[in-house]
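Student: model this:
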Amino acid sequence: MSRTTPVKPVVDLTRRSFLRNGATGAVALSLVQRNASAAEASDAINIALVGFGAQGQTLIWAIQKAVGVKVRWIAVCDVLGKKAQSAAAQVSAKNASGGLNAYTDIDLMLKEHPEIDAVFLAVPDWMHAPYVQKCHAAGKQVYCEKMMSNTLEAAQSMVRSQRDSGLLLQIGHQRRSNPRYQFARNELMRKLKVCGRITHAYGQWNRGVTVPINAKYSEEEVKIIVGQGYKDVFEYLNWRYYRKYGGGPYSDLGAHQIDIFNWMFGVTPRSVVVSGGKDYYQNINLDKSNPDAPRITYEHPDNVIAVYEYDVPDNGLVRVVYQVVTTNSSMTAYEKYMGDGGTMVLGEVDSFNQVYREKWDSDLAKWEEGFFKKGYLKKSSGNIKHKFWEKDRSSWLKADPWLDREGVVDVRASAPLDPYEMPVSFNLPYHTPHVANFLETVHKKGKQTDLNCPVEDAYKCAVAVIKVNELALNGGGKITFKAEDFIVP
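Tutor: Residues are numbered from 1 along each chain as shown. Presented below is the predicted three-dimensional model:
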């Protein structure tokens, strides 16, 4: 393990740069102004990153784009020296000439750099709790990637670590900080109630079959990997599918959206009915080019469908149908909120950014004068597709005469809906506003409640996800929640 002389690079993107990169609208502008004032109130904060896999890379990009928030990189850490040095080289190349401290031991990094103010954790789920506790014990503020952990016991220990230390702990449910999600929740859903009384919601994260990760490591690196507690290199590389290290697809994918349903409605679910199981990735060859390749068996449910029930204040019962599919990628990931007055469709990509007026809501003036002309909605650029795909059919390979009847509904269906769009677009790395919210809170010496996803909120999501995952492992069933299930005593 080697270290180079510390450098103090500063990430300081200007307001003009932020706007040039694609964030528009009042919500995005207020984010810029808020972060700029926070940066003026304090010097740059000293940061470190632990874990340089795909998510560590994503966090580096997000930190580099965090507008008006000044940081000084101190160190990076990964259990494998080559990865730690790669992270250090990447950060240094973007932010300063010279090198950056590269560590393979988080304890040594924390000991040798008491000047670190905040640590970003992008390690596998099973390491979140012990690493959070190490950082808090060293007096550091912490940003930890989601899922909180792969067990509720470990997640509870993270909540207690934050309480006992009094330090910050933000969990990486980044949709909460996305300007479009904030606009949809605060303006459209809560203030204007554009959907009317919401009765149902739907969400999905569909992902096609993926080939497992494989890579070769030196004999010394294999010893390090096994010494960390992994059975072998394959489980280290594909840790998300094994119960010891991760929570499986429903945790890895679904946690984002289950957290958003809790956040949107402002309550936790009262019950959930679950169907799912280990249906596909059992003794299967995922390498189509090699019939003799080793067969793979994963430990988590690969396909889960859940129906949550929410008692939403000032609205009533909402049933949420949610699914994670890992054998087909149709329509990828999005959420939909359906009420007697309209429908709102959300996703992190701009293609899911629609609001539809129900014909039953005959008060067109409310939509045109109150919503559209006042800038809360804009006209949709195309006609509605009144079936589940809701997308331009140019992406479909084969022409279909039924699809050519754009905007025409089945005679048994309701009248076609009037399409609008939200006036907020967001084209920066998805994690950028969430990272900025954390850094801003550190800068101003803010409280846990200033974070967009404080750890106690994230724990509520962990309960709603981990308990469903456990039920799916046993063939499905129903859970009736109690309020105390979502609170760490």
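Student: and residue 484, how many neighbours?
Tutor: Residues within reach of residue 484, counting by other C-beta atoms under 10 Å, total 8. In this view, the C-beta of every residue, glycine as well, is placed from N, C-alpha and C.
Student: how far away is it from residue 312?
Tutor: As judged by C-beta to C-beta, to the nearest Å, residue 484 and residue 312 stand 20 Å apart.
Student: And for residue 195?
Tutor: 11 Å.
Student: of these two, who's got more company?
Tutor: Taking other C-beta under 10 Å, residue 195 and residue 312 do not tie; residue 195 has more neighbours (24 against 15).
Student: That one - nearest residue in space that isn't next to it in sequence?
Tutor: Distances taken as C-beta to C-beta, 6 or more residues apart in numbering put residue 339 closest to residue 195, at 3.2 Å, once the chain neighbours are dropped.
Student: could you measure the one you found against residue 364, distance?
Tutor: 17 Å.
Student: ditto for residue 230
Tutor: Separation of residue 230 from residue 364 (C-beta to C-beta) stands at 60 Å.
Student: Give me the contact list for stretch 231-246.
Tutor: Residues outside stretch 231-246 that contact it (C-beta atoms under 8 Å, 6 or more residues apart in numbering) are 124-126, 147, 150, 212-215, 217, 222, 225-226, 228-230, 247-249, 252, 281, 298-300.
Student: Of the residues you listed, keep whichever come out buried.
Tutor: By neighbour count, with 16 or more other C-beta atoms under 10 Å, the contacts of stretch 231-246 hold 124-126, 147, 150, 225, 230, 247-249, 252, 281, 298, 300 as buried.
Student: Just those: which are in helices?
Tutor: With DSSP state H as the criterion, helices contain 225, 248-249, 252 from among these.
Student: For residue 475, state which of those residues is nearest.
Tutor: Nearest to residue 475 among these is residue 248, at 15.4 Å by C-beta to C-beta.
Student: so residue 318, which of the three states?
Tutor: Secondary structure, DSSP: H, G, I helix; E, B strand; the rest coil: residue 318 is strand.
Student: is it true that it touches residue 310?
Tutor: Yes - counting by C-beta atoms under 8 Å, residue 318 does reach residue 310; the two are 4.6 Å apart.
Student: Touching both of the two, which residues are there?
Tutor: Taking C-beta under 8 Å, 6+ apart as the contact rule, residue 318 and residue 310 both touch residue 265.
Student: quick revisit: which neighbours do residue 195 and residue 312 share?
Tutor: Counting by C-beta under 8 Å, 6+ apart, residue 195 and residue 312 have no common neighbour.
Student: Please identify the buried residues of stretch 458-474?
Tutor: Applying a neighbour-count criterion of 16+ other C-beta under 10 Å, one finds 458-473 buried in stretch 458-474.
Student: What is the neighbour count of the residue nearest to residue 195?
Tutor: Residues within reach of residue 339, counting by other C-beta under 10 Å, total 21.
Student: what do you get for residue 332?
Tutor: Neighbouring residues of residue 332 were enumerated by other C-beta under 10 Å; the total is 15.
Student: contacts for stretch 472-488?
Tutor: For stretch 472-488, contacts defined as C-beta under 8 Å, 6+ apart pick out 156, 159-160, 250, 268-278, 300-301, 304, 456, 459-460, 463-464, 467-468, 471.
Student: cutoff 6 Å now
Tutor: By C-beta atoms under 6 Å, 6 or more residues apart in numbering, the surrounding residues in contact with stretch 472-488 are 156, 159, 268, 270-276, 301, 304, 460, 463, 467, 471.
Student: Now which of the residues you listed would you call buried?
Tutor: Neighbour-count burial (16+ other C-beta under 10 Å) applied to the contacts of stretch 472-488 gives 156, 159, 268, 272-276, 301, 304, 460, 463, 467, 471.
Student: Okay, and which of these map to strands?
Tutor: The strands, defined by DSSP state E, take in 272-276, 304 from the buried ones among the contacts of stretch 472-488.
Student: Take the residues you listed and lay them out in CSV including pLDDT and distance to residue 57.
Tutor: Listed next are those as CSV, based on pLDDT from 0 to 100; distance: C-beta to C-beta, whole Å:
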residue, pLDDT, distance to residue 57
272, 98, 34
273, 98, 38
274, 98, 33
275, 98, 35
276, 96, 31
304, 97, 28
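Student: okay, those residues in JSON lines with distance to residue 441 next?
Tutor: Output for those, formatted as JSON lines (distance: C-beta to C-beta, whole Å):
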{"residue": "272", "distance to residue 441": "32"}
{"residue": "273", "distance to residue 441": "38"}
{"residue": "274", "distance to residue 441": "36"}
{"residue": "275", "distance to residue 441": "40"}
{"residue": "276", "distance to residue 441": "37"}
{"residue": "304", "distance to residue 441": "34"}
